[in-house]
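Novice: Task: produce atomic coordinates for the following.
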Amino acid sequence: MDLVTSDSMTPTLMEGDVVAWTPTNIEDVKVGDVIVFKSYLHWPDEKIVVHRVSDIRHNSKGEILFETKGDNNKWTDQAGPHIPEPFIREDHLMGKVLSIGQVPLKIPFIGYIGVWVNQGLNLISQPSSSKGSLDYIGIFAPLTISIVILVVLIFLLPEKAKTFKEKIRLNIIGRKPLNMKRTLVSFFVAYIVFLTVIHCFAFDSITTSVGINENSEDSGLDFGKIGIGVESTPKDLPLINPSVMPVKGIVFANEDMSGFVERKVFVLDRGNTSLAPIRAISSNQSKNGSYFGNIMVYSSPFWLIFPDEFMQSLVNWHGESTVFILDILSALILTTLTVVSLISITYAGDKYIIWSINRSWQHPSRLFFKKKTVDKVIRAKKNVKRNFKRNIGWITKVDFSENKFKEEMFSSIGKPIIAALIILPLFFLLEDQMFAMFIAVLIAGFFAYLISCKLRNKIVLTVLISLIVGISYMTVTSNITILSQEHEMVDLMALSLGTIGVFLLVLSILLIPLSLAIWAILHFIRNVKEQKDPLLSLEGRCDL
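Specialist: Sure thing, here's the model as predicted:
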């Protein structure tokens with residue numbers, strides 16, 4: 001998922017929109033598709049562009065080349081008064097935006113909030129530009145999957161909870177309001193996992209080497225040949241902080257170079273760049289030879305609270321352990337702040353309830369409004385509430401955890417499964433998989449109605465199974481595409497996990513709207529049929 005940060009695709013994509021995309025084969029892209037590609041013009045900083053394919057060409061070698069253009073731009077990317085972008089080849093094609101037809105599927109304007117997530121958290125541990133963006137997917141995919149699992153748990157568990165609020169409270173807080181011990185442990189573990197996952201995927205590294213009385217190997221930061229007990233000439237290590245927050249970080253070397261490269265603590269303001277002079281130092285006990293390793297760079301805005309001397313002493317002791325120690329301490333501090341905030345919110349909420357009860361009889365609303373106005377407002381509220389309950393409110397009462405629901409639903413699950421599987425061939429017939437999924441789900445719901453699934457709960461179950469079938473197919477095909485490309489194993493894992501996370505998020509977003517849409521269609525069909533044949537209204541097992 002990516003955030004739109006310019007108006008080049010207006011009005012199709014506005015600044016602040018969030019779009020989802022998936023890896024694709026270059027042969028599956030056609031004119032009019034919105035693709036995601038890496039710009040050739042922003043090395044070494046990687047810039048991701050989301051533009052529409054305006055033309056497809058072939059070079060002398062037969063390779064497919066894309067001409068691209070923003071919907072709001074007068075010129076294509078490959079021509080005009082600006083610096084022209086080369087035609088997009090397969091090596092720079094990252095994927096295709098999930099679309100219905102040629103209209104991108106987007107979450108409008110929510111990206112203004114996502115700026116902090118995309119630029120802050122996404123780049124929090126990325127002070128240098130040597131790593132690509134593929135690894136970022138691995139940071140947020142576990143979080144996405146965790147959120148989806150939490151939503152599923154809220155709907156499925158626990159069985160004793162009857163209302164939506166009770167489920168949230170029991171799943172997140174527990175049976176007692178704000179159990180301190182459980183809350184502290186839960187948030188502490190969550191923060192540790194969150195920070196550890198970030199630092200496992202998002203770090204910076206560059207190869208380094210030094211030779212003690214002999215020539216060194218070629219590397220990204222080569223200190224050359226030095227003698228025993230000698231310091232090398234300082235080499236500049238570029239540090240870049242493109243995030244929206246200042247960061248503090250550490251620099252150290254691993255493998256054979258861990259005992260030769262000096263270890264540093266640095267601070268970078270947001271958007272700043274600096275050159276850190278790094279030296280290789282050989283002790284009097286060093287042995288002749290050529291040494292090779294990596295210089296590692298880790299950073300976080302949370303580390304700004306720790307004194308430089310404390311961090312320097314830790315990194316001098318052990319570089320890798322410093323990251324985990326600082327993450328544990330950061331998690332402890334964040335847990336304390338979070339729990340204090342929860343307690344404050346709970347206390348303020350209780351006080352507000354008491355205040356509102358006192359106010360209800362001390363200052364009745366008729367003192368502020370005319371009685372007719374108050375009556376009209378009350379009637380309007382009742383009408384809205386009644387219409388909501390009658391038309392849409394039923395879906396909020398679908399409880400997969402109730403025993404009665406399980407007995408009714410899963411005792412005859414065969415028909416929803418048949419209806420969901422029948423639509424599978426659509427994914428092979430239609431090129432646009434998202435459009436195919438929408439059509440397939442609608443057809444599955446209608447087919448389920450035809451084979452006597454006339455209960456709203458079963459329609460919802462049919463939609464759920466259909467979405468799972470469609471998303472499973474897209475997940476498998478996307479991961480096959482990923483595996484067919486040449487990436488490192490970490491990138492493959494991150495992309496695969498990110499793809500699964502995106503599709504799970506799509507599942508959680510589309511379930512209720514599609515269920516309501518199918519129900520509305522079937523509700524209309526049922527009303528027409530009952531008007532023609534009033535005896536149908538006496539038919540049992542139908543609550544459409």
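Novice: quick one: the helices in the stretch 1-150 of the chain?
Specialist: 111-115, 134-156 (DSSP state H, counting those that start in this stretch).
Novice: Skipping its backbone neighbours, what lies nearest residue 267 in space?
Specialist: For residue 267, ignoring the flanking residues on the chain, the nearest one in space by CB to CB, 6 or more residues apart in numbering is residue 248 at 4.9 Å. (Glycine included, C-beta is placed from N, CA and C.)
Novice: same check, this time on residue 12
Specialist: Closest residue in space to residue 12, ignoring its immediate chain neighbours: residue 71 at 4.9 Å, by CB to CB, 6+ apart.
Novice: Report the contact partners of the residue lying closest to residue 419 once chain neighbours are set aside.
Specialist: Spatially, and ignoring its direct neighbours in sequence, residue 419 is nearest to residue 448 (3.9 Å; CB to CB, 6+ apart). Under the criterion of CB atoms under 8 Å, 6 or more residues apart in numbering, the contact list for residue 448 reads 415-416, 419, 458-459, 462.
Novice: Also residue 293?
Specialist: By CB under 8 Å, 6+ apart, residue 293 lies in contact with 207-209, 253-258, 261.
Novice: For the helix or strand containing residue 481, name the packing helices and strands.
Specialist: Using DSSP states H and E, residue 481 maps to helix 456-484. In terms of contacts (3 or more CB pairs under 8 Å, 6 or more residues apart in numbering; DSSP states H and E), helix 456-484 is packed against helix 403-410, helix 414-422, helix 426-429, helix 433-450, helix 489-532.
Novice: between these, which gets nearest to residue 314?
Specialist: Closest of the helices and strands packed on helix 456-484 to residue 314 is helix 489-532, at 26.1 Å (criterion: CB to CB).
Novice: Tally up the residues packed near the residue nearest to residue 12, please.
Specialist: When counting by other CB atoms under 10 Å, one arrives at 15 neighbours for residue 71.
Novice: now swap in residue 81 and tell me
Specialist: Neighbour tally, residue 81, other CB under 10 Å: 7.
Novice: Then residue 250?
Specialist: Close neighbours of residue 250, defined as other CB under 10 Å, add up to 22.
Novice: give the contact list for the nearest residue to it once chain neighbours are set aside.
Specialist: In space, and not counting its chain neighbours, residue 250 is closest to residue 315: 4.7 Å by CB to CB, 6+ apart. Under the criterion of CB under 8 Å, 6+ apart, the neighbours of residue 315 are 250, 252, 263-265, 322.
Novice: cutoff 7 Å now
Specialist: 250, 252, 263, 265, 322 (CB atoms under 7 Å, 6 or more residues apart in numbering).
Novice: likewise residue 101?
Specialist: With contacts defined as CB under 7 Å, 6+ apart, residue 101 is in contact with 432, 435.
Novice: Per-residue pLDDT of it, please?
Specialist: Residue 101 is assigned a pLDDT of 73 by the prediction.
Novice: repeat for residue 435
Specialist: Looking at residue 435, its pLDDT reads 76.
Novice: wait, it sits on residue 100?
Specialist: Yes: Residue 435 is within contact range of residue 100, at 4.8 Å (criterion: CB atoms under 7 Å).
Novice: Neighbour count for the two, which is higher?
Specialist: Between residue 435 and residue 100, counted using other CB under 10 Å, residue 435 has the larger neighbour count: 18 against 14.
Novice: When you filter the contacts of residue 293 down to buried only, what's left?
Specialist: Neighbour counting with 16 or more other CB atoms under 10 Å marks 207-209, 253, 256-258, 261 as buried within those.
Novice: Restricted to helices, list these.
Specialist: The subset of the buried ones among the contacts of residue 293 located in helices under the criterion DSSP state H is empty.
Novice: From these, pick the one nearest residue 238.
Specialist: Nearest to residue 238, judged by CB to CB, of the buried ones among the contacts of residue 293 is residue 208 at 13.6 Å.
Novice: Not counting its neighbours along the chain, what's nearest that closest one?
Specialist: residue 221 (4.3 Å).
Novice: ok, now which ones touch the one you found?
Specialist: For residue 221, the contact set (CB under 7 Å, 6+ apart) comprises 206, 208, 235, 237, 295.
Novice: One more: residue 272?
Specialist: Neighbouring residues of residue 272 by CB under 7 Å, 6+ apart: residue 241.
Novice: and it, how far is that from residue 298?
Specialist: Note on residue 272: its distance to residue 298, by CB to CB, to the nearest Å, is 17 Å.
Novice: What of residue 54?
Specialist: Look at residue 54 and residue 298: by CB to CB, they are 42 Å apart.
Novice: Same check on residue 31?
Specialist: Distance of residue 31 to residue 298, computed by CB to CB: 45 Å.
Novice: More neighbours: these two, which one.
Specialist: For residue 31 versus residue 298, neighbours defined as other CB under 10 Å are more numerous around residue 298 (27 against 12).
Novice: beta partners of the more buried one?
Specialist: Under DSSP bridges, the beta-bridge partners of residue 298 are residue 250.
Novice: repeat for residue 55
Specialist: residue 67.
Novice: residues in contact with residue 322?
Specialist: By CB under 7 Å, 6+ apart, the residues touching residue 322 are 250, 314-315.
Novice: now do residue 319
Specialist: Residues near residue 319 by CB under 7 Å, 6+ apart: 252, 254, 263, 296.
Novice: how many neighbours does the third one have?
Specialist: The one in question is residue 263. Residue 263, neighbours per other CB under 10 Å, totals 21.
Novice: cool, the last one as well?
Specialist: Residues near residue 296, counting by other CB under 10 Å, number 21.
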